[in-house]
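K.L.:
need a structure here:
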Amino acid sequence: MMRNCRHERQSAPGGYGCVSPIKKCPLNINPRVAEPPPAPAKRSFAAMRHRGFRAQFSTFVVAMMADNIEHVISYWVLYQKFHSPALAGFAIVSHWLPFLMFSVASGALADRFDPRRLIQCGMGLFIAASLAWGYFFATGTLQMWQAMVILVIHGCAGVLWQTPNQLLLYDIVGPADLESAVRLNATARYLAVLVGPAVGGVILLALGPAHGILLNTVFYLPLVLWLVNAPYGPKFRGAAPPPRRAVRGFADIVQTARDIRGHSVIVSMTLLAGGASFLVGNAYSSQMPGFAHDLGHGDPGLSYSMLLAADAAGGLLAGVVLEGRGLLPPNARTAIVLAMLWCAVLAGFSLATSYPLALALLFSAGFFELSFNAMAQALVQLNAPLDKRGRVIGLFNMSSLGLRAFSGVSVGLLGSVIGVHWSLALSALAVLAIAGGLFALP
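P.N.:
The predicted structure follows:
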């Protein structure tokens, strides 16, 4: 039988196994030349298998819910007291502009110092803002300039939270399950958007604005307390830490942009997220009352709530379905295609005249938005150089979150000229053109 095998003379030492990569030999009994095992199947909810991530996720959801509760209570009181559209506009700008100005600096700090402590500082600013609201609501002494200062503090708290939190995810789950962790954290944001306003409304009715906003400070504490001894961060990485670079403020933005210009995946994902943020962002959310009124379906207040809920529910379902089935591994071209689908359904929603169709399209928009945003963020983290990961993530957040401060121009101001339906449609088509250009590149 050995003579019938033409590869018998190439058998590995210690056995008669055939080492030919082309043809199997019936006497291939040497384990060293066996075929490699198949790649492991994609696991559902992979990040949840890490005990540390389960703790991070649960405390993150509660803190994100508290953020939305604060918006519900504070925005309601500001409207009742001042009836100022300018102050409402300032609330949006103050929420996103700090991400534009300080995201890279926050990432640089996370590269140099323990990201756990930066997140705790962010939670401290959130608590300080809620305590300040509570004092002024209880005493009835709130003035407009004081409200503006508190809104800025709230925006800066978000910067100190988001970028270091993304950096910490890498330490908690590692690169293999990072995409799952990023997607689940994005799902948590949509869950908070659904649950937070409802809980905030109940608290507002039950306790009033002053006591309600003070109670809200408690919801930030679980994340603060868990981070005290959470075994993640620079001290627990094992490998030699990269050299510390000085935090240089705005100069870091220019230097980080130069550092990533050879990383095509990081550049393309940053441009994709920036285009979507600058031209569309979440500006259409503030226009929902107008869309609900124009669709003419029942009470405008109920229609408005259902439209917002459809967008958030689509994102929530995307996280559950994609994680539960282990679908869509991170790939730049896949992220671009998902972004193009998001643009298409948004354009369809903006021109829809049927309320059920508008709900379905907005639900789809939430699904595709979470899908491409989470994938883009995961790709940036996976491809970021180790010694400057915080700065690179900060640059991505500056693009994907900070540029939202200007989305009101393309959707809102242009909408005052040609109508909000056409302004949203044209903005979505502009993002579609950017995504198409990135897709065409090598």
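
K.L.:
just the CA atoms of the helix or strand bottoming out on mean pLDDT in the chain, as CSV, please.
P.N.:
Least confident helix or strand, the chain: helix 283-286 with a mean of 72, by mean pLDDT, DSSP states H and E. Provided in CSV are the C-alpha atoms of helix 283-286 (Å, rounded to 0.1, in the frame of the first residue of the first chain):
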residue,chain,number,x,y,z
ALA,A,283,-30.5,67.7,13.1
TYR,A,284,-33.6,66.0,11.7
SER,A,285,-34.7,65.0,15.3
SER,A,286,-35.3,68.7,16.2
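
K.L.:
and it, how far from the chain's centre?
P.N.:
Put simply, helix 283-286 sits 17 Å off its chain's centre (CA atoms, centre = their mean, to the nearest Å).

K.L.:
output the contacting helices and strands for the helix or strand following it.
P.N.:
Toward the C-terminus, helix 283-286 is succeeded by helix 288-295 as the next helix or strand (DSSP states H and E). Under the contact criterion of 3 or more CB pairs under 8 Å, 6 or more residues apart in numbering; DSSP states H and E, helix 288-295 touches helix 300-325, helix 355-383, helix 420-440. Bear in mind the C-beta positions are built from the backbone N, C-alpha and C, glycine included.

K.L.:
where does the stretch 1-150 of the chain have low pLDDT?
P.N.:
Scanning the stretch 1-150 of the chain for pLDDT under 70 picks out 1-42.

K.L.:
please parse this structure into its domains.
P.N.:
Per automatic domain parsing, the structural domains of the chain span 1-33, 46-236, 257-442.

K.L.:
quick one: secondary structure of R43?
P.N.:
At R43 the chain is in coil, as set by DSSP: H, G, I helix; E, B strand; the rest coil.

K.L.:
tell me how far it lies from A186.
P.N.:
18 Å (CB to CB, to the nearest Å).

K.L.:
more neighbours: which of the two?
P.N.:
A186 (22 against 14; other CB atoms under 10 Å).

K.L.:
how many residues are close by the closest residue to the more buried one other than its chain neighbours?
P.N.:
Of all residues not flanking A186 in the chain, A374 sits nearest, at 4.3 Å (CB to CB, 6 or more residues apart in numbering). Neighbour count of A374, defined by other CB under 10 Å: 29.

K.L.:
contacts only, for A374.
P.N.:
E179, V182, R183, A186, G319 (CB atoms under 8 Å, 6 or more residues apart in numbering).

K.L.:
please redo it, this time with the cut-off set to 6 Å
P.N.:
V182, R183, A186 (CB atoms under 6 Å, 6 or more residues apart in numbering).

K.L.:
off-centre distance for the helix or strand hosting V202?
P.N.:
Taking DSSP H and E as the criterion, V202 maps to helix 178-216. Put simply, helix 178-216 sits 16 Å off its chain's centre (CA atoms, centre = their mean).

K.L.:
and that helix, which residues are buried?
P.N.:
178-197, 199-200, 203-204, 209-210, 212-216 (16 or more other CB atoms under 10 Å).

K.L.:
from S354, how far off is H421?
P.N.:
Counting by CB to CB, the gap from H421 to S354 is 14 Å.

K.L.:
and the two? Which one has more around it.
P.N.:
Neighbours were tallied for H421 and for S354 using other CB under 10 Å; the higher tally belongs to H421 (18 against 11).

K.L.:
and the closest residue to the more buried one other than its chain neighbours, what element?
P.N.:
Counting by CB to CB, 6+ apart, S350 is the residue found nearest to H421 once chain neighbours are left out, at 5.0 Å. Using DSSP H and E, S350 sits within helix 332-351.

K.L.:
for that helix, name the packing helices and strands.
P.N.:
Judged by 3 or more CB pairs under 6 Å, 6 or more residues apart in numbering; DSSP states H and E, helix 332-351 is in contact with helix 264-279, helix 355-383, helix 420-440.
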